[in-house]
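> model this:
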Amino acid sequence: QEIWSACVSHCGPLCVMRLSLAVFSAHASAAAVCGGVEEKLKCGTCMDIADGQPCERYNTCECMSPEHLTKGCIAAGFCDPIVAGPAVNEEFGLRVAKAHGKRDYGLVRVSVVTQSAEAPEAGFFDYSSQFKYRWTDNYLHTGLKEVTPGKVNTFTIGKQTVSVKIPEAGAGAAGVMIADPCFKSTTYSSPVGCSYGGKFQTDVRTPALLNAFVGSEDIDFWSILGDNFYDRTGAGSKEFFAKLSTEVKATPMVTVPGNHDYWVLGDPLVGTVADQCGNGHMQFYAQDAEASLLAQPGDSTPPFNFTVDPAGKGLLGCDKASPDNSRFYHQFGNIGLIAQSGAFGLEEYNGFMTESCKWLGTPGIEVGVIVGHWDKGGLGAGRDMDVPEFYDEMAKLPGCKEMAEAGNLKFFMGHTHCNVPHPHGHNDTGFMVAGQGMSGCSNYGIPVFDTTEDRNRVFYFDASTEDTFNNVTSCVGAKGWRNCLSLAEIWLDQPRTKSVVV
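Below you'll find the predicted structure:
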């Protein structure tokens, strides 16, 4: 981040191109298909060059220059063809998020994403507006609503009946935790290749798994921890969410941006003005983040901080959405969840870290969970801002320290494309949940975090073969995941010692 800022300020485009070349060369491997470009990045790199980026920036002029692309990236063999139909839009773009921890526990943010300026239910939403800066073919309608914890709360939105339920404060809770999902279909292909999308049939199976798990009554929340569909334009996100049931979308969701949600090729040094820089992500998922605290129930104030125009860097990059759009904390039952984005410096988080750790002393919170994207530094992550290092910093602070010492401070993350417990030496503490179709460990499945029965537990349901997928979805769909534990690996099962947070 510091190098990037210095280059733009002092060296100009030439310096940026030289650094970009160094980055691509450093990441080159046997899988490189042109210059230093990885296989999974060949399409996105080609698209950027076709849109005017200099091929020198990627070390591809001998094989991927404008002269090579006169008939386009598909004809040149760098992008897969889209073979059928127009882009898929979501018929009912419902989103539900738990309200920020500074608000009353019984508040949720209910939102609908549409392609029309007209709100789907007159008088129901506090804020209705076209997306700003990116993904502007969408409109967001959102408002804070009061619900009764432990009960089913019903709302009518247009012709849709929406049932929302959150656990009682202090009760055990369970959530599905995934990251880095990707897919490829006949109508959508990301600029970043979904290496195992065909093998695991993620365009069909990931929605089916979420519909089975999250659509049941024994999941209280679900998460996607960054790199959400490797989506620059919003088309992939809409197509994926069109496959989810209303029951899934009515279940509170937690999400944070990853490096590909800022820069589609995954690194600020090869970012362009076409990247979303977190703006599409923050509006499409409508979390009740820190920036939203200026908006109260019934208030039409935007629940976002729009002060950063992503077009600030011009052709060779974009400016990230303000950090208060992607950090927050809130409570699910006995879980205090703290969300962060690693794309910023630790100094920009000092106040948030102190505040959120102290907040873990809220009555009823027994377990702290930190969620973020990056599992290691680089590719846009600030120093000490990858999740394991961020956890280590948080564990020193009052509130988090007591939770960590009692074994009740955990973290979940993505980035490296694996589903594995105990990453980077954080035994019984950290969990990587990014085996969702991208190249990596070649595993695929659904992790569930559970804090009921005075225990901290993580279960992993493998779905990497046709048989395991069919067994898991049929069992969970019929009986709920708690009655299918014979199909799960146990990543964590520990009795919970009470933390005393001062």
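> show me where pLDDT drops low in the stretch 1-150 of the chain?
1-31, 83-85 (pLDDT under 70).
> how about the strands in it?
93-98, 107-114, 127-130, 139-146 (DSSP state E, counting those that start in this stretch).
> of those strands, which is nearest residue 57?
strand 127-130 (32.2 Å; C-beta to C-beta). In this view, the C-beta of every residue, glycine as well, is placed from N, C-alpha and C.
> so how far is residue 257 from the closest residue to residue 267 other than its chain neighbours?
Among residues not flanking residue 267 along the chain, residue 379 sits closest, at 5.0 Å (C-beta to C-beta, 6 or more residues apart in numbering). Per C-beta to C-beta, to the nearest Å, residue 379 is found 13 Å from residue 257.
> in terms of neighbours, single out the busier of the two.
Between residue 379 and residue 257, counted using other C-beta atoms under 10 Å, residue 257 has the larger neighbour count: 28 against 23.
> quick one, what contacts the more buried one?
226, 228, 278, 281-282, 326, 341, 343, 373 (C-beta atoms under 8 Å, 6 or more residues apart in numbering).
> can you count the residues close to residue 255?
25.
> and what of residue 453?
Residues near residue 453, counting by other C-beta under 10 Å, number 9.
> next one: the one 4 residues further on
Neighbour count of residue 457, defined by other C-beta under 10 Å: 20.
> which helix or strand contains it?
Here residue 457 sits within strand 455-462, counting by DSSP states H and E.
> and that strand, which residues are buried?
Buried positions in strand 455-462, judged by neighbour count with 16 or more other C-beta atoms under 10 Å: 456-462.
> same question for stretch 374-386.
Buried residues in stretch 374-386 (16+ other C-beta under 10 Å): 374-376, 379-382, 384-386.
> chain center to that stretch, what's the gap?
Relative to its chain's centre, stretch 374-386 lies at 15 Å (C-alpha atoms, centre = their mean, to the nearest Å).
> let's have the chain start at 34 instead
Understood, numbering begins at 34; the last thing we discussed is stretch 407-419.
> still on that earlier bit, contacting residues around the strand holding residue 490?
Identification of contacts with strand 488-495 by C-beta under 8 Å, 6+ apart yields 246, 400, 440-441, 443, 452, 454, 464, 476-484, 501, 505, 509, 514, 517-518, 520-529.
> for residue 529, see how far away residue 440 is.
8 Å.
> over to residue 177?
Counting by C-beta to C-beta - residue 177 and residue 529 are separated by 31 Å.
> so between these two, which is more surrounded?
More neighbours surround residue 177 than the other of residue 177 and residue 529, with 24 against 18 (other C-beta under 10 Å).
> can you give me the end-to-end span of stretch 417-430?
From its first residue to its last, stretch 417-430 covers 15 Å (C-alpha to C-alpha, to the nearest Å).
> please, where are all the helices along the stretch 284-433 of the chain?
With helices called from DSSP state H, counting those that start in this stretch, the stretch 284-433 of the chain shows them at 292-295, 312-318, 383-392, 420-427, 433-438.
> ok, now the stretch 134-283 of the chain?
Applying DSSP H, counting those that start in this stretch to the stretch 134-283 of the chain gives helices spanning 230-233, 235-246, 268-274, 279-282.
> any chance of the ones you listed in TSV, plus mean pLDDT?
Formatted as TSV, those follow (pLDDT from 0 to 100):
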stretch	mean pLDDT
helix 230-233	96
helix 235-246	98
helix 268-274	97
helix 279-282	98
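> right, so those: which one is the most enclosed?
helix 268-274 (a mean of 24; mean count of other C-beta atoms under 10 Å).
> relative to its centroid, which residue of this protein is most remote?
Going by C-alpha atoms, centre = their mean, the residue of the chain most distant from its centre is residue 100, 36.9 Å out.
> please report the distance of that one from residue 110.
Shown here: residue 100 relative to residue 110, a distance of 15 Å by C-beta to C-beta.
> what's the pLDDT at the residue nearest the centre of the chain?
The chain has residue 259 as the residue nearest its centroid, 2.7 Å off, counting by C-alpha atoms, centre = their mean. Here, the pLDDT recorded for residue 259 equals 98.
> hang on, it packs against residue 295?
No: applying C-beta atoms under 8 Å as the test, residue 259 and residue 295 come out as separate, 9.6 Å apart.
> what is the neighbour count of the residue nearest to residue 320 when sequence neighbours are not counted?
Beyond its immediate neighbours in the sequence, the residue positioned closest to residue 320 (C-beta to C-beta, 6+ apart) is residue 130, lying 4.9 Å away. Close neighbours of residue 130, defined as other C-beta under 10 Å, add up to 24.
> hang on, the earlier thing: and of the strands of the stretch 34-183 of the chain, who's closest to residue 106?
Judged by C-beta to C-beta, the one of the strands of the stretch 34-183 of the chain that comes nearest to residue 106 is strand 140-147, at 28.9 Å.
> the closest one: how far from the chain's middle?
On C-alpha atoms, centre = their mean, the centre of strand 140-147 falls 17 Å from that of its chain.
> packing partners of that strand?
strand 126-131, strand 172-179, strand 186-190, strand 193-197 (3 or more C-beta pairs under 8 Å, 6 or more residues apart in numbering; DSSP states H and E).
> direction included, what does it pair up with?
strand 126-131 (antiparallel), strand 172-179 (antiparallel) (DSSP bridges).
> return the alpha-carbon coordinates of that strand using PDB.
The C-alpha coordinates for strand 140-147 follow below in PDB (Å, rounded to 0.1, in the frame of the first residue of the first chain):
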ATOM      1  CA  LEU A 140     -32.600  -4.300  15.100                       C
ATOM      2  CA  VAL A 141     -31.800  -5.700  11.700                       C
ATOM      3  CA  ARG A 142     -31.100  -4.000   8.400                       C
ATOM      4  CA  VAL A 143     -33.500  -5.200   5.700                       C
ATOM      5  CA  SER A 144     -32.600  -4.300   2.100                       C
ATOM      6  CA  VAL A 145     -33.700  -5.100  -1.500                       C
ATOM      7  CA  VAL A 146     -31.500  -4.600  -4.500                       C
ATOM      8  CA  THR A 147     -33.500  -3.900  -7.700                       C
END
